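Visitor: When you get a sec, could you give me coordinates for this:
(one chain, ligands or ions: 2)
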Amino acid sequence: AAPVAFMGGMSSAARLNVIIKDGGVLEMLARVRSAAFDKTGTLTQGKADVVDIHPASRSSSETLQLAAAAEQYSVHVFADPIVAAARAQQLELPDVTNADEVATNGVLAHLAGGAVVRVGKPAFIEEATVSIDRPELRAGETAVYVSVGDELAGTIILSDPIRPHAAGTISRLRGAGVAEIVMVTGDVVPTAESVAQTVGIQTVHAETTPQTKVEIVQAIRPRPVLMVGDGINDAPVLAAADIGIAMAGRGATVASESAAAVITSNDIARVADVAYVSRRTVHIAL
Ligand code: ADP
Ligand code: MG
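Guide: Ligands and ions are numbered 1, 2, ... in the order given. Below you'll find the predicted structure:
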């Protein structure tokens, strides 16, 4: 009877828009007592908006122009809103000869004139720039810094709202017996902690890299551990966790390939739904 129950479980999951690679995933998921969540694009909507620009050595619109030129080549959740903001102001973008996404850090672009532009987090910008001023941020806001050469061009403030079902999903998972839940994010401490507090996660690992995300998740006990993530920077940790669930979005194709399950409806509540499906399925199968 067991295979039939697992097939039933997989079709229940499919009706919830959760694609599961095989029945073993449900069996493993039913035993999960620990979980790690990525922040940007996973607990937050990953549909950010540019809300403000603080000029530094360049004007606000020049800052946006430089950032958008580089972000055209990025699949990060902040790339689209920055490019869209530049389009909305009908800014012409400088020619880019070469652009690289530096996972979990930002984008590095070489302009046709030879200038080097960086867009991303403080540590990444400080590799090129003397110093930066960190602005005061409201809840749900993140700062993205833009440098050109060794100067800070300006700072772009984005709001990346928390998903409406994020807090409910965390508490329903706890209700399903997942007692240990942590956040692993590439973002800086203040933004990470404000999101963690809102969704009800007490343990926060901020400023992680794709590799340290793997190390943190491998150290979590008890096993098996569930990882929920979205971006290209989550591909290694989704593969390293006992179960990886990918939120489908932009840049999620790479994440999806590494995951045991993919949520195609972009609704985080499905994580808790499928955890309950797994428990029901295993109960029926045993
Ligand atoms: P998470 O691990 O929570 O998904 P990310 O590592 O994707 O977070 O992003 C964390 C931070 O890295 C962002 O808040 C931003 O400062 C920076 N960052 C990474 N890639 C980019 C990019 N392409 N453009 C702008 N900022 C970026
Ligand atoms: Mg992410």
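Visitor: And for the residue in the stretch 51-200 of the chain that ligand 1 sits nearest to, the neighbour number?
Guide: The nearest approach of the stretch 51-200 of the chain to ligand 1 comes at Gly186, 2.2 Å away (CB to the nearest ligand atom). C-beta here means a position set from N, CA and C on the backbone, and glycine is covered the same way. A total of 26 residues lie near Gly186 under the criterion other CB atoms under 10 Å.
Visitor: Could you do Gln90 as well?
Guide: The burial count assigned to Gln90 is 6, neighbours taken as other CB under 10 Å.
Visitor: and if you look at the one 4 residues further on?
Guide: A count of nearby residues for Pro94, using other CB under 10 Å, gives 18.
Visitor: check which helix or strand covers Ala143.
Guide: Of the helices and strands defined by DSSP states H and E, Ala143 is found in strand 141-148.
Visitor: do that strand and ligand 2 meet?
Guide: No - Strand 141-148 stays clear of ligand 2 (CB under 5 Å from the ion), getting no nearer than 11.8 Å.
Visitor: can you state the direction angle for whichever helix or strand comes after that strand and strand 141-148?
Guide: For strand 141-148, the succeeding helix or strand toward the C-terminus, using DSSP H and E, is strand 151-159. For strand 151-159 against strand 141-148, the angle by axes from the mean of the first three to the mean of the last three CA atoms, to 10 degrees is 160 degrees.
Visitor: tell me which strands and helices the helix or strand following strand 151-159 is in contact with?
Guide: Sequence-wise, the next helix or strand beyond strand 151-159 is helix 166-175, with elements assigned using DSSP H and E. Counting by 3 or more CB pairs under 8 Å, 6 or more residues apart in numbering; DSSP states H and E, the packing neighbours recorded for helix 166-175 are strand 180-184, helix 189-199, helix 269-285.
Visitor: 6 Å instead?
Guide: Applying 3 or more CB pairs under 6 Å, 6 or more residues apart in numbering; DSSP states H and E, one finds that helix 166-175 makes contact with helix 189-199, helix 269-285.
Visitor: Quick check: which of these is nearest to ligand 2?
Guide: Counting by CB to the ion, ligand 2 lies closest to helix 189-199 out of the helices and strands packed on helix 166-175; the figure is 11.5 Å.
Visitor: quick one: the closest one to chain centroid distance?
Guide: Its chain's average C-alpha position is 14 Å from that of helix 189-199, according to CA atoms, centre = their mean, to the nearest Å.
Visitor: Same check on stretch 4-14?
Guide: Distance of stretch 4-14 from the chain centroid (CA atoms, centre = their mean) equals 28 Å.
Visitor: Tell me which of the helices and strands packed on helix 166-175 lies nearest to Val25.
Guide: Evaluated over these, closeness to Val25 peaks at helix 269-285, with 8.0 Å, by CB to CB.
Visitor: what sits against the residue of the stretch 51-200 of the chain closest to ligand 1?
Guide: For Gly186, the residues meeting the contact criterion (CB atoms under 6 Å, 6 or more residues apart in numbering) are 104, 208, 233.
Visitor: Over to Val130?
Guide: By CB under 6 Å, 6+ apart, no residues touch Val130.
Visitor: try it again with 8 Å
Guide: Counting by CB atoms under 8 Å, 6 or more residues apart in numbering, Val130 touches 150-152.
Visitor: Report the buried members of those.
Guide: Of the members of the contacts of Val130, the ones counted as buried by neighbours, 16 or more other CB atoms under 10 Å, are Leu152.
Visitor: I'd like the contacts of Val130 written out as JSON lines, with distance to ligand 2 and pLDDT added.
Guide: Rendered in JSON lines, the data for the contacts of Val130 read as follows (distance: CB to the ion, whole Å; pLDDT from 0 to 100):
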{"residue": "Asp150", "distance to ligand 2": "29", "pLDDT": "94"}
{"residue": "Glu151", "distance to ligand 2": "29", "pLDDT": "95"}
{"residue": "Leu152", "distance to ligand 2": "25", "pLDDT": "96"}
